[in-house]
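Engineer: Need the 3D shape of this:
(3 chains)
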Amino acid sequence: MTRYKINDIAKALSATVVGDGDFLVSGACEPADAAPDQLAVAMDPRYGAQLSKGQARAAVLWQDADWQGLGLVAAILVGRPRLAMAALTRHLDDTSNPPREIHPTAIIDPSAQIGANCSIGPYVVVGAGANIGENSIIGAQSTIADGAVLGGDCVLQPGCHVGRNVHIGNRLIAHSGVVIGGDGFSFVTAEKSSVETVRETLGDASADGNDQTWLKIHSIGGVVIGDDVEIGANSSVDAGTIRPTRVGSGTKIDALVQVGHNVIVGRNCLLCAHVAVGGSATLGNGVVLGGQAGVADNITIGDGVIAGGASKILSNVPAGRAILGYPAVKIQTHIESYKALRRLPRFMRDFAAPKKPVSKPPRKD
Amino acid sequence: MTRYKINDIAKALSATVVGDGDFLVSGACEPADAAPDQLAVAMDPRYGAQLSKGQARAAVLWQDADWQGLGLVAAILVGRPRLAMAALTRHLDDTSNPPREIHPTAIIDPSAQIGANCSIGPYVVVGAGANIGENSIIGAQSTIADGAVLGGDCVLQPGCHVGRNVHIGNRLIAHSGVVIGGDGFSFVTAEKSSVETVRETLGDASADGNDQTWLKIHSIGGVVIGDDVEIGANSSVDAGTIRPTRVGSGTKIDALVQVGHNVIVGRNCLLCAHVAVGGSATLGNGVVLGGQAGVADNITIGDGVIAGGASKILSNVPAGRAILGYPAVKIQTHIESYKALRRLPRFMRDFAAPKKPVSKPPRKD
Amino acid sequence: MTRYKINDIAKALSATVVGDGDFLVSGACEPADAAPDQLAVAMDPRYGAQLSKGQARAAVLWQDADWQGLGLVAAILVGRPRLAMAALTRHLDDTSNPPREIHPTAIIDPSAQIGANCSIGPYVVVGAGANIGENSIIGAQSTIADGAVLGGDCVLQPGCHVGRNVHIGNRLIAHSGVVIGGDGFSFVTAEKSSVETVRETLGDASADGNDQTWLKIHSIGGVVIGDDVEIGANSSVDAGTIRPTRVGSGTKIDALVQVGHNVIVGRNCLLCAHVAVGGSATLGNGVVLGGQAGVADNITIGDGVIAGGASKILSNVPAGRAILGYPAVKIQTHIESYKALRRLPRFMRDFAAPKKPVSKPPRKD
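Structural biologist: Purely as a prediction, here's the structure:
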């Protein structure tokens, strides 16, 4: 088991050590669960009391914590807790560094280019003309289609699928089951479809639209992904029609997210779990979409927009707006409407009440 | 084709046989579709009339059914239909019992422990130090990461991915595409982010937040799953930060569900399709979340809570409550608000009406 | 690089050529991005102005476009733009036509039937008694379970999983990660469960329901899929209980969709991303469900119904209706309620105002 010196951890956190900086810990944990050789993480006074439930002798604490009063022999004092957590977990992450080898069962087309120091796992398939940058790790049973390009220092967990016409920058992290470059969901009928009619009229469709045949619009535009993107388990980024679907650098995508064809996602966005972005939508930079948020096709969301969980965004949103609801509107507008709705049943009852005769005798039953 | 004796099926159902218990059937089906050698399933009087549309000579019927009047030679009489269905389908399930062998193409690290009588399918990859209990079946092309632990009698369908730091109990059933132990979606900015600002103020963000860089909080806490858990196709259970994400024994998870990092799911819960549980949320025992329900991060849901389909749970819920809506509230509260909302347009029109002059002449146009 | 003659493209589009029909292009792109050898796609006058930003010498334009005034040497004039896009992208799609061979690493049970001219990719596993029609392409690392049947001209992208008791027609397109035939999510408790109680009473559950054990109802009914169906990345179609789950011919299913057990989906439906269809629901022909729409279990949706994005369909819907909202109602009803809700806060304030004494002095604070 790896052991870490308090001084070394503090250095990784750019944080202050108090007490015995040479104290050794075997890992981090919650304060109440700590064994004597574990580093308790209690970066807020609210969690300080938990320390006495565990056996920690060292902890990461808030800035002015009374570490001696808490009975510790050593502590690391930090300011912004989650920022410290990023550095701490990175320092303690013992992700197995796989042997930098091409597994003998990997099937790599002779015309593919594999950069120096890559790890290509068992049963991986790499197509003709594909190009993988140096230091990249391709997990077991992933497939890289003909001509696809990955940058350097990428990590694909086992079972990822990268399609044709896909260009990916450096340092992508893709979790298992990610699919990049599947076909867009794009179909058309020979005659005007019932969907088109309803979009125009907002009235009913007609039941006789039920035998319309859907013709496929092929997806030959591929996908372009910038640097430092992360994509969660079983998410899908579809290929564009004639231009690429784009995901900007620094954007992070959670598990089970769908990014439709022709979509443009800006830089440094966060798309939480189960987000669906409809075809040809455009997201600016720094957009944050909460879990299960949805974006209708063909709309535009400005820079810095924050959408709360389950927001359904059905029309364009100006930059900087914080929104919520279905349909999504400004958070304050949503809250105001929502509060009024909750008062509405009583409001209607009160309104109706005066109509009753004032002298009505009590019912006997 | 396997043939089943009515008496044997009835025994499996702990149910009563009437008529010829030695009658043989080749399988079960809906009453209207039944061939003469099939067992019609019509456990409610509503479905009795369907029997005459098919050719069944034997059926599973409700308790006081007139099986002879329905023209059958044999019947099994049951009380609670779905409970009978559980026993019936289990009895008839001919899931191919794969040869208990380690396929020669499976790549198993020499340090991994494989229990007696396991089936390890083609192209499976099992990492160093992994441990798989006896009688478990690992479907083709699944991967078990270094150090992961699975109990006995587990079944992983083809293409499942179990990550590092994952401990799974006995009798897990995981359908294809399940990912257990992918990284949590946890990021932080060096300075206060636009999301933090909006959470505090509920006001707008500022568009200049769009160049914030997201730093990754690593997921070193893994996942702990109890006994008798089932997880549907393409669902994902993310690893915790420094403590494990937990799924309690007896909990059943449908397809395309996301369980976030640090989440605690209690015992005997049901999470239906497309449910998303945000990071660090806690679910009690016996919680039922309908399809597409969402749980915000960091909230607590008490024991026995039932959330209807598409409920979006944005705040803590006390034990035993039945909820619905976005945001989710008590079902009765939701229905009352909803009914009032439907009446609201007319209510507003009626309210406005008296303001018009009573003697206003009709418009001519 | 393949080059295409304008005349040939126009023929594929059944469209008119103006100018030099022998002009060669290397592919299609958006007008502003066009290199001199690319075919700009600007099928609506709105996009005409973009042409001057690119270098296109040939374009696909709307019917009465002034192609010479736009500075082109050749143009193809089309009527219905998206219909033209279907033909254009099909013509230009250079999907690598894989060598029609059975890869030596594919593991095919000797009792399986593989039609003429199939391509079976690396590490594919085909079970006993499975049957794959001619000209089908099975991508790398896909699995076809014992006894499963696929028609001719099917394309499974890498990493698809087809379970037992699954019958698929001709020309299926399945994108990576598709799972067909996983078990349905169907459980029952020995005694009446808290869910049943809540469904009956719409009141609260009781917290003591939390130790109910869920018994599995097995899925032995399989799946039947018609001809010309497409299924997007990481979608799942669950097996039925004792009868098959059915997806009708011509139906298109987007990425990350869940089709529950016993569901019947009609012909020529569109199910957009993240749709969830609950168990035993029935969809007619030509039904269109927008992204993130949900269908409760056991309900019936008539032919030609159109549901807007994120609609949550909680009760039966008659044929031809266009619906929206949670719960989904007629679009016009939804819009009317929604507009009233937005006016409600002011309405309540205005209503309350007259109650205040008219002569109330201004507050001093």
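
Engineer: could you measure the closest residue to A:Q63 other than its chain neighbours against A:V263, distance?
Structural biologist: Using C-beta to C-beta, 6 or more residues apart in numbering or on different chains and skipping the chain neighbours, the partner closest in space to A:Q63 is A:L77 (5.3 Å). No exception for glycine: its C-beta is placed from N, CA and C like everyone else's. Remark: distance between A:L77 and A:V263 (C-beta to C-beta, to the nearest Å) = 44 Å.

Engineer: Between those two, which has more neighbouring residues?
Structural biologist: Neighbour totals were compared for A:L77 and A:V263, and A:V263 leads with 25 against 20 (other C-beta atoms under 10 Å in any protein chain shown).

Engineer: and the residue nearest to A:Q63, which of the three is it?
Structural biologist: Following DSSP: H, G, I helix; E, B strand; the rest coil, A:L77 is assigned to strand.

Engineer: Looking at the residue lying closest to A:L270 once chain neighbours are set aside now. What's its pLDDT?
Structural biologist: Closest residue to A:L270 apart from its sequence neighbours, by C-beta to C-beta, 6+ apart: A:V288 at 4.5 Å. On the pLDDT scale, A:V288 is placed at 97.

Engineer: shaky segments in the stretch 201-350 of chain A?
Structural biologist: A:207-210 (pLDDT under 70).

Engineer: Go ahead and confirm the residue nearest to A:Q63 touches A:A65.
Structural biologist: Yes: using C-beta atoms under 8 Å, A:L77 is in contact with A:A65, at 6.4 Å.

Engineer: joint contacts of those two?
Structural biologist: Residues touching both A:L77 and A:A65 by C-beta atoms under 8 Å, 6 or more residues apart in numbering or on different chains: none at all.

Engineer: Quickly find the element holding A:N135.
Structural biologist: When secondary structure is defined by DSSP states H and E, A:N135 falls outside every helix and strand.

Engineer: wait, isn't it in contact with A:N97?
Structural biologist: No: using C-beta under 8 Å, A:N135 is not in contact with A:N97, being 10.8 Å away.

Engineer: Which of these two has more residues huddled nearby?
Structural biologist: Ranked by neighbour count (other C-beta under 10 Å), A:N135 and A:N97 place A:N135 first, with 18 against 8.

Engineer: Flag every buried residue along the host helix or strand of A:E200.
Structural biologist: Assigned by DSSP H and E, A:E200 belongs to helix A:194-201. For helix A:194-201, a neighbour-count test (16 or more other C-beta atoms under 10 Å in any protein chain shown) marks A:S194, A:V195, A:T197, A:V198 as buried.

Engineer: The second one and C:D93: what is the separation?
Structural biologist: A:V195 sits 24 Å away from C:D93, going by C-beta to C-beta.

Engineer: Same check on the first one?
Structural biologist: A:S194 sits 27 Å away from C:D93 when distances are taken as C-beta to C-beta.

Engineer: State the number of residues packed around the closest residue to chain C within the stretch 1-150 of chain A.
Structural biologist: Among the residues of the stretch 1-150 of chain A, A:T143 lies closest to chain C, at 4.2 Å counting by C-beta to the nearest C-beta. A:T143 is flanked by 30 other residues according to other C-beta under 10 Å.

Engineer: got the angle between the helix or strand containing A:A87 and helix B:194-201?
Structural biologist: A:A87 belongs to helix A:81-92 when assigned by DSSP H and E. Helix A:81-92 runs at 140 degrees relative to helix B:194-201, counting by axes from the mean of the first three to the mean of the last three C-alpha atoms, to 10 degrees.

Engineer: Following helix A:81-92 in sequence, what is the next regular element?
Structural biologist: Going down the chain from helix A:81-92, the next helix or strand is strand A:107-108, by DSSP H and E.

Engineer: so does that next one get close to chain B?
Structural biologist: No: judged by C-beta under 8 Å from any C-beta of the partner chain, strand A:107-108 makes no contact with chain B; its nearest approach is 11.8 Å.

Engineer: What of stretch A:177-193?
Structural biologist: Yes: counting by C-beta under 8 Å from any C-beta, contacts between stretch A:177-193 and chain B involve A:G177.

Engineer: And stretch A:242-255, by the same measure?
Structural biologist: Yes: judged by C-beta under 8 Å from any C-beta, stretch A:242-255 and chain B are in contact via A:G250, A:K252, A:D254, A:A255.

Engineer: Most neighbours among the residues you listed, which one?
Structural biologist: Among the residues of stretch A:242-255 next to chain B, A:A255 has the most neighbours (other C-beta under 10 Å), with 33 neighbours.
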